[in-house]
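A.B. asks: any chance you could fold what I've pasted below:
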Amino acid sequence: MPKTKRLLFVIVLSSTAVVFFCPVSVLTIRDANDTIVYAVTIGINDTFSIKFTHSVAKRPVVETFGFSAGKKITLLETEYDSFGAGLPFEVKGGQRFIAKDGKFKIVGYNYEVPDLVIRVGRFADHLFVFRGEEIRLVDLAKAGEALVFSVEEVPLLWYVSERFLQR
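C.D. replies: This next block holds a predicted model:
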């Protein structure tokens, strides 16, 4: 093999290896057995929502989360359509209350957690919403079981394998 072809081969092979082993940020959802039941790449400006029916007020609630430095999940805002027991009614610190189009919203929570744990409700009908896709949490775990949402840095090769090849 001529030197130029060998050099080109080495460059292509090295570049491919670098790409597949470069880290990507992934939102993972793990079940009670620590099995990944959902994984998707994320960007720093991405957000996701959890929609559910409040257990006491029996009204729809949407909580929106973002991602912050240090692989943390951040509660950004809560939206609901009525006041009632267990629903927020006052703001604190830098939060703002917004009433518009029959909805009430509190923004500016900026509450960070390393892992977001959601126990799948029996009647709450939790929906995970990300980039227009809606997934019922009861399709990922049984009612009453906990799901753990985390941000992980993983090699691109792992993500491709987990997301596309093992499904």
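
A.B. asks: please, which helix or strand holds residue 49?
C.D. replies: Assigned by DSSP states H and E, residue 49 belongs to strand 47-53.

A.B. asks: how far out from the middle of the chain is that strand?
C.D. replies: Strand 47-53 has its average C-alpha position 10 Å from the chain's average C-alpha position, going by Cα atoms, centre = their mean, to the nearest Å.

A.B. asks: who does that strand pair up with?
C.D. replies: Using DSSP bridges, strand 47-53 pairs in its sheet with strand 60-68 (antiparallel), strand 127-130 (antiparallel).

A.B. asks: quick one: which of the ones you listed is nearest residue 42?
C.D. replies: Nearest to residue 42, of all those, is strand 60-68, at 5.9 Å by Cβ to Cβ. Any C-beta I mention is one placed from the backbone N, CA and C, and that applies to glycine too.

A.B. asks: and the contacts of the closest one?
C.D. replies: 25, 27, 42-54, 73-81, 87, 112, 116, 151 (Cβ atoms under 8 Å, 6 or more residues apart in numbering).

A.B. asks: now swap in stretch 97-105 and tell me
C.D. replies: Counting by Cβ under 8 Å, 6+ apart, 77-83, 90-91, 106-107 sit against stretch 97-105.

A.B. asks: mind redoing it with 10 Å?
C.D. replies: Contact partners of stretch 97-105, identified using Cβ atoms under 10 Å, 6 or more residues apart in numbering, comprise 60, 62, 64, 77-83, 87-91, 96, 106-108.

A.B. asks: distance from the chain centre to it, please.
C.D. replies: Per Cα atoms, centre = their mean, the centroid offset for stretch 97-105 relative to its chain is 24 Å.
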